[in-house]
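Colleague: Structure for the following, please:
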Amino acid sequence: MSALVVAAAQLPACGHDPEQNLAVVEAALTDAAAAGADLVVFPELATTPYFGGEPPGAYRDQAQSLPGPQSERIAERAAELGVAVVFPLFERDDGAHGSAPSFHNSAVVLDEQGVTVPCVDRTGQSHLVARKLHLPVGDHPAPGFDEPAHFTPGQWLGVHTVLGTRLGVLICYDRRFPECWRELRALHADLVAVPVAGSGGDSVDFFLAELRTHARENGLFAVVANKIGIEWVSGQPVDNYGESCIVGPDGELIAHRPGADGPGLVIAEIDLDVLAETRRTLRYFEHRRTDLFPAAEEIA
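Modeller: Numbers count the residues shown, from 1 in each chain. Sure thing, here's the model as predicted:
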């Protein structure tokens with residue numbers, strides 16, 4: 001389809017009850033479907049607080065195998081509503097042959113029939129889930145953040161084909177790395193879903209500028225979903241700032257929900273036919289010096 005109604009769900013900050021958090025996701029999905037959405041993107045770790053500053057092992061009792069109870073419930077609801085979903089969650093991968101489990105900051109892409117849509121990377125390999133690649137460590141947005149103590153980083157970046165469009169997923173911190181966007185463009189992505197748990201410091205001052213720049217440089221639509229409100233991490237308040245948005249391939253804001261507006265949907269119809277014209281006008285990708293930077297070559 002050339003026209004697609006996309007929505008970013010700006011969810012309230014999560015509490016510690018996973019069932020209640022999942023119910024909030026379901027309610028937002030229902031509201032988005034009622035508003036005509038074809039695709040809904042949810043924030044990072046949509047059913048738990050962001051726990052990067054907690055002691056190692058936190059929330060592991062809530063980690064989800066795939067398929068698992070949470071993903072299956074959202075898949076059933078997606079099928080009932082006829083809506084595709086990008087559903088981020090805390091993943092447990094039990095591996096094979098009795099290996100120790102690994103834990104990941106992940107997102108499942110479901111089509112409008114509730115079927116999990118894998119991504120395909122530059123080698124042609126298929127992967128069931130998108131995983132966060134870059135794991136921050138440090139004192140931003142609050143002291144003691146250490147994602148590698150909680151998650152194993154993903155080892156692939158690929159494109160999911162859903163609703164006739166090619167969709168990439170960049171989870172929160174991954175959005176800050178230009179090579180991620182360039183790789184998705186090289187893989188012929190049309191649209192990038194960006195689930196975020198964005199909070200703290202000066203981040204909000206650069207949030208929209210950063211997203212608009214990456215979308216424009218690569219000729220990609222972006223659908224960005226953040227939480228809004230305070231989550232508590234090791235007794236410290238982490239204030240998610242919202243600012244969920246939909247960005248066009250020219251970098252213009254198509255729709256935006258300021259943090260001051262609280263929880264709610266950002267929804268807009270996008271015209272995928274605009275991609276070709278925008279890319280003819282803004283020829284940054286075409287003008288790359290791949291003789292100097294061969295890693296930036298387009299995938300055949």
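Colleague: Run through the stretch 151-300 of the chain and note the low-pLDDT ranges.
Modeller: Residues of the stretch 151-300 of the chain meeting the criterion pLDDT under 70: 201-202, 295-300.
Colleague: how about the helices of it, start to end?
Modeller: 178-186, 203-218, 274-281 (DSSP state H, counting those that start in this stretch).
Colleague: Just send these back as JSON lines, with distance to residue 194 and mean neighbour count too.
Modeller: Bear in mind the C-beta positions are built from the backbone N, C-alpha and C, glycine included. Listed next are those as JSON lines, based on distance: least, Cβ to Cβ, whole Å; neighbours: other Cβ atoms under 10 Å:
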{"stretch": "helix 178-186", "distance to residue 194": "10", "mean neighbour count": "20"}
{"stretch": "helix 203-218", "distance to residue 194": "7", "mean neighbour count": "18"}
{"stretch": "helix 274-281", "distance to residue 194": "17", "mean neighbour count": "15"}
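Colleague: Quick one, which of these gets closest to residue 294.
Modeller: Across the helices of the stretch 151-300 of the chain, residue 294 has its closest neighbour in helix 178-186 (11.7 Å, Cβ to Cβ).
Colleague: What is that closest one packed up against?
Modeller: helix 203-218 (3 or more Cβ pairs under 8 Å, 6 or more residues apart in numbering; DSSP states H and E).
Colleague: Would you mind giving the helices of the stretch 151-300 of the chain as CSV with distance to residue 74 added?
Modeller: Shown next, in CSV, are the helices of the stretch 151-300 of the chain (distance: least, Cβ to Cβ, whole Å):
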stretch, distance to residue 74
helix 178-186, 24
helix 203-218, 25
helix 274-281, 28
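Colleague: To residue 9, which of the ones you listed lies closest?
Modeller: helix 203-218 (16.6 Å).
Colleague: The closest one packs against which elements?
Modeller: Partner elements for helix 203-218 (3+ Cβ pairs under 8 Å, 6+ apart): helix 178-186, strand 221-226, strand 236-241, strand 244-247, strand 253-257.
Colleague: just to revisit the earlier point, ok, which of the helices of the stretch 151-300 of the chain comes nearest residue 38?
Modeller: Across the helices of the stretch 151-300 of the chain, closest to residue 38 is helix 274-281 (Cβ to Cβ), at 16.3 Å.
Colleague: Just the C-alpha atoms of the closest one, please, in CSV.
Modeller: What follows is helix 274-281, C-alpha atoms only, in CSV (Å, rounded to 0.1, in the frame of the first residue of the first chain):
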residue,chain,number,x,y,z
VAL,A,274,6.7,10.5,-1.4
LEU,A,275,9.9,8.5,-0.7
ALA,A,276,11.0,8.3,-4.4
GLU,A,277,10.5,12.0,-5.0
THR,A,278,12.3,13.0,-1.8
ARG,A,279,15.2,10.8,-2.6
ARG,A,280,15.5,12.3,-6.1
THR,A,281,15.6,15.8,-4.5
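Colleague: what about it, distance to the chain center?
Modeller: 24 Å (Cα atoms, centre = their mean, to the nearest Å).
Colleague: list the helices and strands it packs on?
Modeller: Using 3+ Cβ pairs under 8 Å, 6+ apart: helix 274-281 touches no other helix or strand.
Colleague: Name the residues that touch it?
Modeller: 190, 219, 221, 248-250, 285-286 (Cβ atoms under 8 Å, 6 or more residues apart in numbering).
Colleague: can we see that at 10 Å?
Modeller: Helix 274-281 is contacted by residues 2, 165, 185, 189-191, 215-216, 218-221, 248-252, 271, 285-286 when judged by Cβ atoms under 10 Å, 6 or more residues apart in numbering.
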